[in-house]
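Asker: pasting the sequence and the predicted model now:
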Amino acid sequence: MKYKQLTSQDRIFIGILRKQHFTLTQIAKFLGKHKSTISREINRNRTPYDGFYRVEKAISKTNYRRRESRKRSRYSIEQYLILEDMIRMKLSPAQISRFLKDIGAFEISHETIYKYIRADRKLGGFLWEHLRTRYKKLRKNIQAERREVDFQIKGQLRRGHKLQMTDRKSGTGKLILLWGRGAKTAC
């Protein structure tokens, strides 16, 4: 089932069907929702003093939570300018977040600051250049260290060695040894 939020009308139906002693599964089928959605709704919005689900209280609690969640979702232009100045001073987003919280200016998470920096970069901005660590490209095999050695073939190669022949007649070539992380000898 595709997720959709419960509406006030859905909450009214939940209240009516609960009073008539319908099970969670029956209520979920009636509303076309999953039974875990109904269970979460009832547990989240039941009254603390008697544990019953009351529609009016459920609707008011939901509206309150929705208002509170949107309180700090947007910041003013002045606040973003403060962030930009602090980023240009080479402070990390975690330091900026902690500092602004400590002085009581405003609260913002370091993840939100990183989102702002990424959005600025997509729009052609240069805030990302002021971060202490730049965005790095990942290498595939970072555990092995490559070493090239000139050698003469005298016997068999060990497992883990790769051979690049340069002269087949004389038997000379290059041996690429892959050294594992923390290993003292070749693989």
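Answerer: The structure has been received and is ready for your questions.
Asker: so residue 10, which state does it fall into?
Answerer: Here residue 10 is helix, with the state taken from DSSP: H, G, I helix; E, B strand; the rest coil.
Asker: could you check the distance from it over to residue 66?
Answerer: In this view, residue 10 and residue 66 are 15 Å apart by C-beta to C-beta, to the nearest Å. C-beta coordinates here come from the backbone N, C-alpha and C atoms, glycine included.
Asker: so for those two, which residue has more residues nearby?
Answerer: A side-by-side neighbour count of residue 10 and residue 66, using other C-beta atoms under 10 Å, places residue 10 first with 19 against 10.
Asker: so what's the more buried one closest to, chain neighbours aside?
Answerer: In space, and not counting its chain neighbours, residue 10 is closest to residue 31: 5.6 Å by C-beta to C-beta, 6 or more residues apart in numbering.
Asker: what of residue 59?
Answerer: Distances taken as C-beta to C-beta, 6+ apart place residue 8 nearest to residue 59, at 5.4 Å, with adjacent residues excluded.
Asker: and for that neighbour, the neighbour number?
Answerer: Around residue 8 there are 11 residues (other C-beta under 10 Å).
Asker: residue 62: what's it in contact with?
Answerer: 6, 11, 45 (C-beta atoms under 8 Å, 6 or more residues apart in numbering).
Asker: could you export these as JSON lines, including neighbour count and distance to residue 106?
Answerer: Listed next are the contacts of residue 62 as JSON lines, based on neighbours: other C-beta atoms under 10 Å; distance: C-beta to C-beta, whole Å:
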{"residue": "6", "neighbour count": "19", "distance to residue 106": "32"}
{"residue": "11", "neighbour count": "22", "distance to residue 106": "34"}
{"residue": "45", "neighbour count": "21", "distance to residue 106": "31"}
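Asker: closest to residue 115 out of those?
Answerer: residue 6 (28.4 Å; C-beta to C-beta).
Asker: list phi and psi for that closest one.
Answerer: Per-residue torsions, residue 6: phi -70, psi 140 (degrees, to the nearest 10).
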